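J.: Sequence unavailable; structure follows:
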């Protein structure tokens, strides 16, 4: 029948096609596993990226924002003092 077809032709029953119902179940398990890995990978990636930064609230004191950032560890004490000095000018 040719060099490639082995009695199933192009696009035959797939890798495990000669195994009948067992081949069908193996295909379902394999592709279900692939979909699960892709889904879990997407969930992990979304959690790693986190939420995008939010814009500062209107009317909030900039020094208060700097204090909050210092409190959560986003900036160091030296950076806070520099911000404080610039805001006092």
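T.: That came through, no problem. Treat the numbers as computed from the prediction; the structure is a model and nothing was measured.

J.: Next one: the spatially most central residue of the chain, what pLDDT does it get?
T.: If you average the C-alpha coordinates of the chain and look for the closest C-alpha using C-alpha atoms, centre = their mean, you land on residue 45, 1.4 Å from that point. In the prediction, the pLDDT value recorded for residue 45 is 89.

J.: Show me the domain layout of this structure.
T.: 1-52, 55-89 (automatic domain parsing).

J.: Check those domains for me: which has the lowest mean pLDDT.
T.: When the domains of the chain are ranked by mean pLDDT, domain 1-52 comes last with a mean of 75.

J.: can you pull the contacts of residue 61?
T.: For residue 61, no contacting residues are found, by C-beta atoms under 8 Å, 6 or more residues apart in numbering. Just so you know, the C-beta spots here come from the backbone N, C-alpha and C atoms, and that holds for glycine as well.

J.: Isn't residue 63 up against residue 85?
T.: No - in this structure, residue 63 sits apart from residue 85 without contact. The criterion is C-beta atoms under 8 Å, and the distance is 11.0 Å.

J.: who has more neighbours, those two?
T.: Legend: neighbour count by other C-beta atoms under 10 Å for residue 63 and residue 85, higher for residue 63 (13 against 9).

J.: Excluding chain neighbours, what is closest to that one?
T.: Among residues not flanking residue 63 along the chain, residue 87 sits closest, at 5.5 Å (C-beta to C-beta, 6 or more residues apart in numbering).
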